[in-house]
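Undergrad: Build me a structure from this.
(one chain, ligands or ions: 1)
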Amino acid sequence: HQKLRLEIRAQNNYSRIITFFTALCPLYKQNLRGDSYMSAVIIDGFSIAQNLRQRAAEKAALLKQNGVEPCLAVVLVGDNPASVSYVAAKKKALAEAGMADRSVNLPCDVSEEHLLAGIGDLNRNPSVHGILVQLPLPSHIDEQKVIAAIAPEKDVDGFHPVNAGKLLIGEDGFVPCTPLGIIELLNEMRIKTDGAHAVIVGRSNIVGKPLALLLARKPANATVTLCHTGTKNLASFTRSADILVAAIGRPNAIGAGMIKPGAAVIDVGVNRIPDHTKKSGFRLAGDVDFEAAREIAGFITPVPKGVGPMTIAMLLHNTLKAAGSTGY
Ligand code: NAP
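TA: Here you go, the predicted model:
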């Protein structure tokens, strides 16, 4: 009995020490916790993005004092409800940061030729610093052709082949906003990437692939595994991830059993789930089963208010860069 009492006391003391450190510093939490008795730290992407937007506004004001008003042309083709709401959010962010937006709204049956001519005009306009064409485009328009028509130095989305190539070989260029925002989130939360195993599920050109490059290069210095529909036994990879990024586009694709205890889980997915209790008729859900995952993970981003606001903050960052700012 005496031995048992001593063991229980030692265990309790150990638990207290762990609780103390994990409450004190989220950084320790990732390394110390080995079980699921404590909920994850929720990464408040919304607040982090608000701070970045405030700093962007200060930079924009400085540029204006020097006679440059940062200006982004936002091109919307058609009236896809998700695209309309993304464009509205981007324009609101520009206005709040004191930057100009040159809106171009085109009908969904606009010809590819007309759209390309419009992009040519924006390329030549010296008062327009950045050009964003909201994707997806209607099926009769070749998206890659449109992206390639944007001048690389105005390509604030970072989708142009020149900018994609620069990222690949480590030259300075425009980096896509969502992966850039994820790196900012990890840095802001002091989540260690150096030496970490980062597993990204999804290999799109706008999220998975550029994020893999950003995490693998210095200074992030992570070891990266990129998963997709051809990956066999996905869970065996995700369960070994110190940093797990889900960019899939399928609600609840990542369950709690696929997560390593204490891992940092970044949920990029934005899925519209029909919900008649909502005025809009839907609610947003990520790719991760949030409620179950938060009991296992060390850190987790919510949906909404996780990665999404960071994407918009990074758009402001890239627009400032295009307008000649030295960045944040
Ligand atoms: P995408 O182009 O559709 O790519 C999805 C990727 O996920 C593909 O590589 C696909 O593999 C992979 N995948 C699909 N099902 C899978 C499965 N069961 N197992 C393993 N891999 C699977 O998507 P995306 O544009 O990257 O977007 C992904 C999600 O992020 C969407 O919900 C989108 O709305 C959201 N998103 C959010 C933001 C934001 O700011 N929050 C920004 C961009 C995107 P294959 O290549 O083999 O098909």
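
Undergrad: ok, which stretches of this structure are strands?
TA: Secondary structure of the chain (DSSP state E): strands at 41-42, 71-77, 100-106, 130-133, 197-201, 223-227, 243-246, 264-267, 271-274, 282-285, 299-300.

Undergrad: Output the below-cut-off pLDDT ranges for the stretch 101-250 of the chain.
TA: The stretch 101-250 of the chain contains no residues with pLDDT under 70.

Undergrad: give me every residue that touches the spatially closest residue to Ala216 that is not a sequence neighbour.
TA: Counting by C-beta to C-beta, 6 or more residues apart in numbering, Val224 is the residue found nearest to Ala216 once chain neighbours are left out, at 4.6 Å. To be clear about C-beta, it is placed using only N, CA and C from the backbone, and glycine gets the same treatment. For Val224, the contacting residues are Ala198, Val199, Ile200, Ala212, Leu215, Ala216, by C-beta atoms under 8 Å, 6 or more residues apart in numbering.

Undergrad: Give me the spatial nearest neighbour of Ala264, chain neighbours excluded.
TA: Spatial nearest neighbour of Ala264, chain neighbours left out: Phe299 (4.1 Å); criterion: C-beta to C-beta, 6+ apart.

Undergrad: follow-up on the earlier one: switch the contacts of Val224 over to a markdown table; also include neighbour count and distance to the ligand.
TA: A markdown table is the format used below for these (neighbours: other C-beta atoms under 10 Å; distance: C-beta to the nearest ligand atom, whole Å):
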| residue | neighbour count | distance to the ligand |
| --- | --- | --- |
| Ala198 | 25 | 15 |
| Val199 | 27 | 11 |
| Ile200 | 30 | 9 |
| Ala212 | 21 | 11 |
| Leu215 | 23 | 15 |
| Ala216 | 15 | 17 |
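
Undergrad: Would you reformat these as a markdown table and include distance to Glu171?
TA: Shown next, in a markdown table, are the contacts of Val224 (distance: C-beta to C-beta, whole Å):
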| residue | distance to Glu171 |
| --- | --- |
| Ala198 | 22 |
| Val199 | 27 |
| Ile200 | 22 |
| Ala212 | 17 |
| Leu215 | 18 |
| Ala216 | 16 |
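
Undergrad: Return the closest of the residues you listed with respect to Leu316.
TA: Leu215 (22.7 Å; C-beta to C-beta).

Undergrad: Spatially central residue (nearest the centroid) of this structure, please.
TA: By C-alpha atoms, centre = their mean, the mean C-alpha position of the chain lies nearest to Thr178, the distance being 3.2 Å.

Undergrad: Touching, that residue and Val307? I think so.
TA: Yes. Contact status for Thr178 versus Val307: in contact at 6.5 Å, counting by C-beta atoms under 8 Å.

Undergrad: Please name the residues that touch Thr319.
TA: Pro70, Cys71, Leu72, Leu94, Met99, His129, Gly130, Val156.

Undergrad: just the helices in the stretch 201-328 of the chain please.
TA: 208-216, 234-238, 290-293, 307-322 (DSSP state H, counting those that start in this stretch).

Undergrad: rewinding a little: count of neighbours near the residue nearest to Ala264?
TA: Per other C-beta atoms under 10 Å, the neighbour tally for Phe299 reads 23.

Undergrad: Read off the pLDDT value for it.
TA: pLDDT for Phe299: 98.

Undergrad: quick one: which of the contacts of Val224 is nearest Ser236?
TA: Here the nearest of these to Ser236, counting by C-beta to C-beta, is Val199; it sits at 10.2 Å.

Undergrad: Just grab the bridge partners of the closest one for me.
TA: Val199 has these beta-bridge partners by DSSP bridges: Thr225, Leu244.

Undergrad: and it, how far is that from Lys260?
TA: Distance, Val199 to Lys260, using C-beta to C-beta, to the nearest Å: 9 Å.

Undergrad: just the helices of the stretch 201-328 of the chain: most buried one?
TA: Burial of these is given as mean neighbour count (mean count of other C-beta atoms under 10 Å); helix 307-322 ranks first at a mean of 25.

Undergrad: That helix to strand 71-77, inter-axis angle?
TA: 130 degrees (axes from the mean of the first three to the mean of the last three C-alpha atoms, to 10 degrees).

Undergrad: same question for helix 307-322, mean pLDDT?
TA: Across helix 307-322, the average pLDDT comes to 98.

Undergrad: try stretch 276-286
TA: Computed over stretch 276-286, the average pLDDT equals 95.
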